[in-house]
Each structure stands twice: as structure tokens, then as C-alpha cells.
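Visitor: Coordinates only, no sequence provided:
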């Protein structure tokens, strides 16, 4: 006697539905909210000014949001952190040259 077995879907039977832009945006916003304290700390450490640090994090978030559809890496948090570091260094250099 053969007992029925549960059907396990294979790769061909799955139909992955890409996330909607709205759900991708919501996921991005949640990730940003979670990482804001760390991102601000990084920016503050580099630019040494609170208002400049907040501007850097805002700018990095805007850039990341604009490029979200093109982004295909494993870690969007690390990508956003890299943007904050790069923008902070640029902003820090501008501040030093204007003093």
C-alpha cells in the first residue's frame, strides 16, 4: 500500500512575485528608521557637526531611495552606510576648506 505524500513545490512550480514598489519602499523606510542612530553617529564622527551630520544622512537616504529599484546587493543597510561615510567625507572636506 502506498501512502500519500505531501507535495513539495519545486523551483518550477513556484512563481516568485516581485515586491511592489510600495512594499519595497516600506521595507526601505523601516530599514532606515532602524539604522538612523548608527548612521547619525557615523556622520557626526566624520563631520563633527550635528546639523551637517543630519544633512548627510538625509542626502544619503534620498540618493538611496532614488536608486532603490537599481539596487541588487545583499545588504542595503551596508550600502546606505557606505553612502553616509562617503558623503560625510566629502562634506567634511568642504567644511575644512571654508574655514
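Guide: The structure has been received and is ready for your questions. Nothing here was measured: the structure is a model prediction, and the numbers come from that model.
Visitor: Any regions of the chain where pLDDT drops low?
Guide: Applying pLDDT under 70 to the chain flags residues 1-24, 71-74.
Visitor: longest helix in it, by residue count?
Guide: helix 21-47 (DSSP state H).
Visitor: Which other helices and strands does whichever helix or strand comes after it contact?
Guide: Sequence order places helix 50-66 as the next helix or strand after helix 21-47, per DSSP states H and E. Helix 50-66 sits against helix 21-47, helix 76-98, with contacts defined as 3 or more C-beta pairs under 8 Å, 6 or more residues apart in numbering; DSSP states H and E. C-beta: built from backbone N, CA, C; applies to glycine.
Visitor: If we go by neighbour counts, what in helix 50-66 is buried?
Guide: 52-57, 59-61, 64 (16 or more other C-beta atoms under 10 Å).
Visitor: Quick one: work out the angle between that helix and helix 76-98.
Guide: With axes from the mean of the first three to the mean of the last three C-alpha atoms, to 10 degrees applied, the angle from helix 50-66 to helix 76-98 works out at 140 degrees.
Visitor: roughly how far is helix 50-66 from the heart of the chain?
Guide: 12 Å (C-alpha atoms, centre = their mean, to the nearest Å).
Visitor: before we move on, what about stretch 38-58?
Guide: Distance, centroid of stretch 38-58 to centroid of chain: 16 Å (C-alpha atoms, centre = their mean).
Visitor: coming back round to it: and residue 69, which of the helices and strands packed on helix 50-66 is closest to it?
Guide: helix 21-47 (7.3 Å; C-beta to C-beta).
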